[in-house]
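**Q** kindly generate the corresponding structure for this input.
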Amino acid sequence: MAFEITGIIIIFFLTVLPGIPLGRYMGKVYMGEKTIFEFLAPIERWIFRICGIDPNREMNWKQHLLAMLSINLIWFLFSMLVLMNMSWLPLNPDHNPSMSADLAFNTTTSFISNTNMQDYSGESAMSYLGQLTLMFFQFVSAAVGISICIAAFNALREKTASKLGNFYNYLVKTCTRVLLPLSIIVAIVLIFNGMPQTFLGKDTQMSLQGDTMHISRGPVAGMIAIKQLGTNGGGFFGANSAAPFENPSYITNIVENVGIFLIPIAMIFALGYILKRRKLSWVIFCVMTFGFLAFLLPTLYYELNGNPAIAHMGIQQAMGNMEGKEMRLGSAASAFWGITTTVTSNGSVNSMHDSFMPLSGMFAMLGMMVNAFYGGVGVGFLNFFVYMVIAVFISGLMVGRTPELLGKKIEAKEMKIATIIALLHPLLILTGTALASHLYAINPKAYSGWLSNPGYHGFSEMLYQYTSASANNGSGFAGLSANVPFWNITTGIIMLLARYLPIIGPLAIAGILASKKYIPESAGTLKIDTGTFGLMTYAVMIIISALAFFPALALGPIAEYFIIY
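**A** Okay, the predicted model is just below:
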């Protein structure tokens, strides 16, 4: 057990230590300063030229949003075309079929929204062209979140401004100078540790029993690198990073786990560099890390102590709760991955979350319900920013002073937007869960194929699915049979709403604040780079999540916990 805990500590520090200089580097990229990848500038200029884009044209927040929504619409149509015609398109050596319309809709919305929810098994339902298409979206969807976040940083940086940089400039530079170099490094490490990277079809091997096996392979390493670094999570194989070809060893597990929350952490320190408020970035990092540990530590406790129902049978569980986990990884590394992947909107799995202990599954859900402890690349900070606005407003009322954030007054318009965005997340999750529960309850025979585990755990499976969709996470409780039109369509709609509205809202707030008159700090100004404000923000996040989700959690994982224990 001591070895497993040591491994977790090493993974965390291997993420934070490079995350700090990476954040500084990213800050330089977006501030237009020279970096080590300046030699890529001709390639970027070529991209801008063939696309007819002027990267120096400044945009306001509305133009940023219009550019983002327009290009995402084009990607949506392109993806639907490819996924529904894979059977006759090239790069399909295994002759995998095309997708149905509802599954293509779900998959397309999933990947362009950086969710990567997969209601299919990649090795049998996707051609290599389909996989490469989705890999492209893993780059650009991550870049979209970062680009919009940088626009918000610019809005907070300027004392009074209406122009926030150029969306396309940020998008291209994110791909060329951040995501691509990191992905190449990670992919090379994964290839040298046994991960496939080929366009050949299935390999034929003979098993020890003399049976003929057809083993799927493909351009796996490249996809896994961007899957983790872009907090995408969508895997090449159905079992995701629990599959040995996606995660061969403990070494690759460390590399992939570091990749999951490297850029989300770096974004925090990029904020400090761009705003020239490094203390603020450390306050935000501490709040997020405290929330992360609040979910991680109890999850480790429950997974390392095993299942009491199995213990009552007289079976020893020296390795902890190993149901649904890989022997090469162990229960501790699986629990650590389970929390890091849900607090970061990554969604990849190296074990089956459906087999976690009840409260472990609840903490994974809470990571997605809060959706701001690190969060997805870029979008994680935008969610945190909404909580900051609410915390500033409440704090201002408590001391009898007009709320201010970085020298700008928080007024009714900003609070209305922040409140709507904060309530949107529970609205989407609970509405979807209520609808699915109602349909199952009134006709359980018709919908019996949905759930492999009825009762409290079945409710948790449905709650988890909509939580994952709304948090742009993509992971799931595997006991839910999600590849049916109802789940494909409803989760697809929620993924769209939960991706773009939480981007539009915070950027609108930042844009409105940027155009306001700057008020210099005084003795009565509420300082947001202090531990006190950090605790206030954390309290707001927990209270909103607890009030919104506790009744649903009580019906699912909490009720199941009391049955088992």
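**Q** farthest residue from the center of this structure?
**A** Relative to the centre of the chain, and counting by C-alpha atoms, centre = their mean, the farthest-placed residue is G210 at 42.6 Å.
**Q** what's the local residue count around V189?
**A** By other C-beta atoms under 10 Å, the residues close to V189 number 18. Every C-beta, even on glycine, is put in place using the N, C-alpha and C of the backbone.
**Q** thought it was touching V255?
**A** Yes - the pair V189 / V255 is scored as a contact, 5.4 Å apart, by C-beta atoms under 8 Å.
**Q** quick revisit: so is the residue farthest from the centre of the chain in a helix, a strand, or just coil?
**A** Three-state assignment for G210 (DSSP: H, G, I helix; E, B strand; the rest coil): coil.
**Q** mind checking how far the residue nearest to the spatial centre of the chain is from K527?
**A** The chain has S345 as the residue nearest its centroid, 1.8 Å off, counting by C-alpha atoms, centre = their mean. When distances are taken as C-beta to C-beta, to the nearest Å, S345 and K527 turn out to be 29 Å apart.
**Q** what do you get for I254?
**A** The separation that I254 has from K527, given C-beta to C-beta, amounts to 38 Å.
**Q** the spatially closest residue to M322 that is not a sequence neighbour: which element?
**A** Take M322 and drop its neighbours on the chain: the residue closest to it by C-beta to C-beta, 6 or more residues apart in numbering is S331, 5.8 Å away. When secondary structure is defined using DSSP states H and E, the element that contains S331 is helix 330-343.
**Q** assign the closest residue in space to F153 that isn't next to it in sequence to helix, strand or coil.
**A** By the measure of C-beta to C-beta, 6+ apart, the closest residue to F153 outside its immediate chain neighbours is I274, 4.7 Å from it. Classification of I274 by three-state DSSP places it in helix.
**Q** ok, I274 touching A155?
**A** No - counting by C-beta under 8 Å, I274 sits too far from A155 to count as a contact (10.8 Å).
**Q** these two: which has the busier surroundings?
**A** Regarding I274 and A155, a neighbour count based on other C-beta under 10 Å identifies A155 as having more, with 28 against 20.
**Q** ok now the one helix or strand the more buried one maps to, how far from the chain's centre?
**A** The secondary structure element spanning A155 is helix 128-157 (assigned by DSSP H and E). Counting by C-alpha atoms, centre = their mean, to the nearest Å, helix 128-157 is centred 12 Å from the centre of its parent chain.
**Q** returning to that earlier point: so what's the residue nearest to M322 up against?
**A** By C-beta atoms under 8 Å, 6 or more residues apart in numbering, the residues touching S331 are E4, E303, L304, M319, G320, N321, M322, K325.
**Q** any chance of these in CSV, with neighbour count, secondary structure and distance to S522 too?
**A** What follows is those, written out as CSV (neighbours: other C-beta atoms under 10 Å; DSSP: H, G, I helix; E, B strand; the rest coil; distance: C-beta to C-beta, whole Å):
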residue, neighbour count, secondary structure, distance to S522
E4, 19, helix, 51
E303, 28, helix, 50
L304, 18, helix, 51
M319, 16, coil, 58
G320, 23, coil, 54
N321, 23, coil, 55
M322, 20, coil, 59
K325, 25, strand, 55
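**Q** looking at the residues you listed, which is nearest T133?
**A** The shortest approach to T133 among those belongs to K325, at 31.6 Å (C-beta to C-beta).
**Q** surely N253 is in contact with A333?
**A** Yes - using C-beta under 8 Å, N253 and A333 qualify as a contacting pair, with a distance of 6.0 Å.
**Q** and for those two, which residues touch both?
**A** Common contacts of N253 and A333 (C-beta under 8 Å, 6+ apart): N350.
**Q** ok, so of the contacts of S331, who is nearest S98?
**A** Checking the contacts of S331 against S98 with C-beta to C-beta, the nearest one is K325 at 34.4 Å.
**Q** now the host helix or strand of I9: buried residues?
**A** With secondary structure defined by DSSP H and E, I9 is part of helix 2-30. In terms of neighbour count (16 or more other C-beta atoms under 10 Å), helix 2-30 has its buried residues at 4, 7-8, 11-12, 15-16, 18-20, 22-23, 25-30.
**Q** same deal with stretch 262-281?
**A** Applying 16+ other C-beta under 10 Å to stretch 262-281 flags 262-275, 277-278, 280-281 as buried.
**Q** hmm, back to that, the helix holding A155 vs helix 2-30, what angle?
**A** Orientation note: helix 128-157 sits at an angle of 70 degrees relative to helix 2-30 (axes from the mean of the first three to the mean of the last three C-alpha atoms, to 10 degrees).
**Q** show me what whichever helix or strand A422 is part of packs onto, helices and strands only.
**A** Remark: A422 resides in helix 412-442, with elements defined by DSSP H and E. Judged by 3 or more C-beta pairs under 8 Å, 6 or more residues apart in numbering; DSSP states H and E, the packing partners of helix 412-442 are helix 358-370, helix 379-399, helix 456-470, helix 485-514, helix 531-553.
**Q** adding mean pLDDT, write those helices out as TSV.
**A** Compiled in TSV, these are given as follows (pLDDT from 0 to 100):
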stretch	mean pLDDT
helix 358-370	96
helix 379-399	90
helix 456-470	95
helix 485-514	94
helix 531-553	92
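**Q** which one, of those helices, ends up nearest to L171?
**A** Set against L171 and scored by C-beta to C-beta, those come closest in helix 485-514, at 13.4 Å.
**Q** just put the helices and strands packed on helix 412-442 in CSV and tack on distance to G432.
**A** Converted to CSV, these look like this (distance: least, C-beta to C-beta, whole Å):
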stretch, distance to G432
helix 358-370, 13
helix 379-399, 19
helix 456-470, 4
helix 485-514, 6
helix 531-553, 11
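**Q** how about those, which one is nearest H95?
**A** H95 lies closest to helix 485-514 among the helices and strands packed on helix 412-442, at 23.3 Å (C-beta to C-beta).
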